[in-house]
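Engineer: Structure, please.
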Amino acid sequence: MFCCPLPCQYSWDLAHATGRLAELDPDLAAQALEAFPKFAPPEARSEQGPFSPVLPVPDDADVYTRLAACTAAEGAVTTPPKKASIN
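Structural biologist: Numbering: from 1, shown residues only. Prediction:
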């Protein structure tokens with residue numbers, strides 16, 4: 001089975017922006033994290049290509065943060081997640 005990692009990563013983007021990271025499925029992210037290097041091999045990535053190099057994350061980063069870093073999502077390591085607010 002090949003899991004397209006991009007919709008999963010976009011889910012992280014939305015959850016990160018809205019403070020709803022706890023609602024994400026870690027098994028889905030693990031599958032996407034495993035699939036992404038087949039889709040965009042790290043050695044073939046560059047600032048000039050369609051995918052930037054993998055961003056660094058702490059060793060204890062959760063699977064969605066590692067996926068975001070693998071897909072070079074800027075918010076993966078540069079901004080803390082927002083806290084959900086109930087209005």
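
Engineer: what helix or strand does the residue most central in space within the chain sit in?
Structural biologist: Ranked by distance to the mean C-alpha position of the chain (Cα atoms, centre = their mean), the top residue is Ala68 at 1.7 Å. For Ala68, the enclosing helix or strand under DSSP states H and E is helix 63-70.

Engineer: Would you enumerate the residues in contact with Asp59?
Structural biologist: Applying Cβ atoms under 8 Å, 6 or more residues apart in numbering to Asp59 gives no contacts. In this view, the C-beta of every residue, glycine as well, is placed from N, C-alpha and C.

Engineer: And stretch 54-66, what's buried?
Structural biologist: For stretch 54-66, burial by neighbour count (16 or more other Cβ atoms under 10 Å) applies to 54-55, 57, 63-66.

Engineer: now for stretch 34-44, what's the gap between its first and last residues?
Structural biologist: The first and last residues of stretch 34-44 sit 17 Å apart, counting by Cα to Cα, to the nearest Å.

Engineer: how distant is it from the center of its chain?
Structural biologist: Here stretch 34-44 shows a centroid-to-chain-centroid distance of 13 Å under the convention Cα atoms, centre = their mean, to the nearest Å.

Engineer: What residues sit buried inside it?
Structural biologist: So stretch 34-44, judged by 16+ other Cβ under 10 Å, has buried residues 35-36, 40.

Engineer: Now do the helices in the protein.
Structural biologist: Taking DSSP state H as the test, the helices found in the chain are 5-18, 26-39, 63-70, 75-78.
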